[in-house]
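Chemist: model the following, please.
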Amino acid sequence: MPDSVGAVSVVSTGVVEIRRQHVESDGSPLLWWLLTARDWSGPRPINVYVIEHEQGLVLFDTGQDRASVTDRSYFPGGIPGFLYRRLARVAIGEQETLTQRLADIGYDIAEVRWAVLSHLHQDHIGGLRELKHAQIMASAAEWALLNRPDAALQGLMRRHIDLPGLSWDLLQFPSGQGEPFGQFSSTYDLFGDGSLVLVPTPGHTPGSISLLVRRDGKPPLLMVGDVSYEQDLLRRERIPGIGKRKALLATTRAINALRTAYPDLVILPAHDPGAADRLTAAGWAAQIR
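Modeler: The predicted structure is shown next:
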């Protein structure tokens with residue numbers, strides 16, 4: 001691999017608590033546990049991964065918008081709004097915007113040239129309003145969900161995603177595209193140098209994507225969004241409670257199979273409390289500039 005990737009860091013735009021069955025499915029139907037669950041998971045980070053590349057700064061996901069906890073009109077009303085409240089509770093401080101969290105580790109948000117979205121749920125698209133100067137990347141399959149009549153019930157709020165002034169690049173993953181990795185037959189090489197490679201990882205949503213980060217002399221990283229909520233759960237094929245079970249299992253097994261080629265692969269979910277420590281232990285994280 002070329003040395004085109006520098007430091008990789010993680011910042012958190014607040015914390016989220018979700019249901020136990022959300023983190024790890026117990027086999028019960030989504031609507032059943034969502035309406036009956038009483039316990040919460042405890043605080044989990046809302047992670048944004050920050051990647052230095054020689055062509056510019058790249059983000060994987062953009063966190064959650066603080067307006068989601070300060071603006072009562074942020075979420076829809078009626079049944080969708082009720083279900084959002086049952087699904088998660090979020091805390092985001094005044095200093096936990098994407099702009100401020102990047103500044104905390106020495107970056108100006110104006111340095112961001114690309115933002116890759118694992119999927120379009122609100123805790124991954126929250127920084128879009130701050131990124132009108134950047135190229136926003138998502139899968140075309142994920143974008144297509146915005147046109148469904150039940151988009152809000154699927155966790156997609158178009159008015160917070162399809163914002164005026166944003167520049168979108170919607171990625172296709174036709175079979176046989178790009179360098180194959182294990183069971184992933186279709187990939188998208190972000191810069192054509194093999195350092196940042198996107199793979200389709202459906203299950204949590206039909207258009208979810210993950211990002212493989214590689215550099216000589218360092219363990220490879222795989223940022224997986226919400227395919228799993230903890231690296232250990234993914235290793236044990238314990239899938240989350242939201243998504244299509246068959247697709248989640250297939251994606252989970254394909255990721256685990258990558259360990260044949262990359263035994264030191266570091267898995268970085270979006271809400272894993274241990275992700276920041278693993279990133280540091282792998283020698284990727286930068287010191288605050």
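Chemist: show me the helices in this protein, by range?
Modeler: Taking DSSP state H as the test, the helices found in the chain are 20-23, 30-36, 67-70, 78-87, 98-104, 140-144, 231-235, 245-257, 275-281.
Chemist: how about the ones you listed, which one is nearest residue 58?
Modeler: helix 98-104 (12.3 Å; C-beta to C-beta). To be clear about C-beta, it is placed using only N, CA and C from the backbone, and glycine gets the same treatment.
Chemist: quick one: list the elements packing against the closest one.
Modeler: Helix 98-104 is packed against strand 5-18, strand 44-53, with contacts defined by 3 or more C-beta pairs under 8 Å, 6 or more residues apart in numbering; DSSP states H and E.
Chemist: of those, which is nearest residue 149?
Modeler: Residue 149 lies closest, by C-beta to C-beta, to one member of the helices and strands packed on helix 98-104: strand 5-18, at 25.8 Å.
Chemist: how about the helices and strands packed on helix 98-104 in CSV, adding distance to residue 217 and mean pLDDT?
Modeler: Below are the helices and strands packed on helix 98-104 laid out as CSV (distance: least, C-beta to C-beta, whole Å; pLDDT from 0 to 100):
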stretch, distance to residue 217, mean pLDDT
strand 5-18, 11, 96
strand 44-53, 16, 97
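Chemist: for those, give me JSON lines that also has mean neighbour count and distance to residue 132.
Modeler: Listed next are the helices and strands packed on helix 98-104 as JSON lines, based on neighbours: other C-beta atoms under 10 Å; distance: least, C-beta to C-beta, whole Å:
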{"stretch": "strand 5-18", "mean neighbour count": "21", "distance to residue 132": "18"}
{"stretch": "strand 44-53", "mean neighbour count": "23", "distance to residue 132": "17"}
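Chemist: make CSV from these and add distance to residue 225 to it.
Modeler: Putting these into CSV (distance: least, C-beta to C-beta, whole Å) gives the following:
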stretch, distance to residue 225
strand 5-18, 13
strand 44-53, 10
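Chemist: which one of the helices of the chain lies closest to residue 154?
Modeler: Closest among the helices of the chain, using C-beta to C-beta: helix 78-87, at 9.4 Å.
Chemist: okay, angle between the closest one and strand 5-18 too, please.
Modeler: If you take axes from the mean of the first three to the mean of the last three C-alpha atoms, to 10 degrees, helix 78-87 sits at 110 degrees to strand 5-18.
Chemist: buried stuff in helix 78-87?
Modeler: Within helix 78-87, the residues that count as buried by 16 or more other C-beta atoms under 10 Å are 80, 83-84, 87.
Chemist: what do you get for stretch 55-64?
Modeler: 57-64.
Chemist: and residue 21, how many residues sit next to it?
Modeler: By other C-beta atoms under 10 Å, the residues close to residue 21 number 22.
Chemist: meant to ask about residue 70, not that
Modeler: When neighbours are counted by other C-beta under 10 Å, residue 70 registers 10.
Chemist: that one and residue 160, how far apart?
Modeler: Residue 70 sits 14 Å away from residue 160, going by C-beta to C-beta, to the nearest Å.
Chemist: quick one on the thing from earlier: want to throw the buried residues of stretch 55-64 into CSV with pLDDT and distance to residue 46?
Modeler: Shown next, in CSV, are the buried residues of stretch 55-64 (pLDDT from 0 to 100; distance: C-beta to C-beta, whole Å):
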residue, pLDDT, distance to residue 46
57, 98, 19
58, 98, 18
59, 98, 13
60, 98, 13
61, 98, 9
62, 98, 10
63, 98, 5
64, 98, 5
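Chemist: sitting in strands, which of those do you find?
Modeler: Per DSSP state E, strands hold the following members of the buried residues of stretch 55-64: 57-60.
Chemist: closest to residue 199 among those?
Modeler: residue 60 (12.5 Å).
Chemist: which residues touch the nearest residue to residue 48 once chain neighbours are set aside?
Modeler: Computed as C-beta to C-beta, 6 or more residues apart in numbering, the closest residue to residue 48 that is not its neighbour in sequence is residue 63, at 4.7 Å. Going by C-beta atoms under 8 Å, 6 or more residues apart in numbering, residue 63 touches 11-14, 46-48, 98, 101, 123-124, 126-127.
Chemist: recalculate using a threshold of 6 Å.
Modeler: Residues in contact with residue 63 (C-beta atoms under 6 Å, 6 or more residues apart in numbering) are 13, 46, 48, 98, 126-127.
Chemist: can you check residue 136 too?
Modeler: Residues near residue 136 by C-beta under 6 Å, 6+ apart: 115, 166, 168.
Chemist: what is the neighbour count of the nearest residue to residue 184 once chain neighbours are set aside?
Modeler: What sits nearest to residue 184 in space, not counting adjacent residues and going by C-beta to C-beta, 6+ apart, is residue 199, at 4.4 Å. Using other C-beta under 10 Å, residue 199 is surrounded by 25 other residues.
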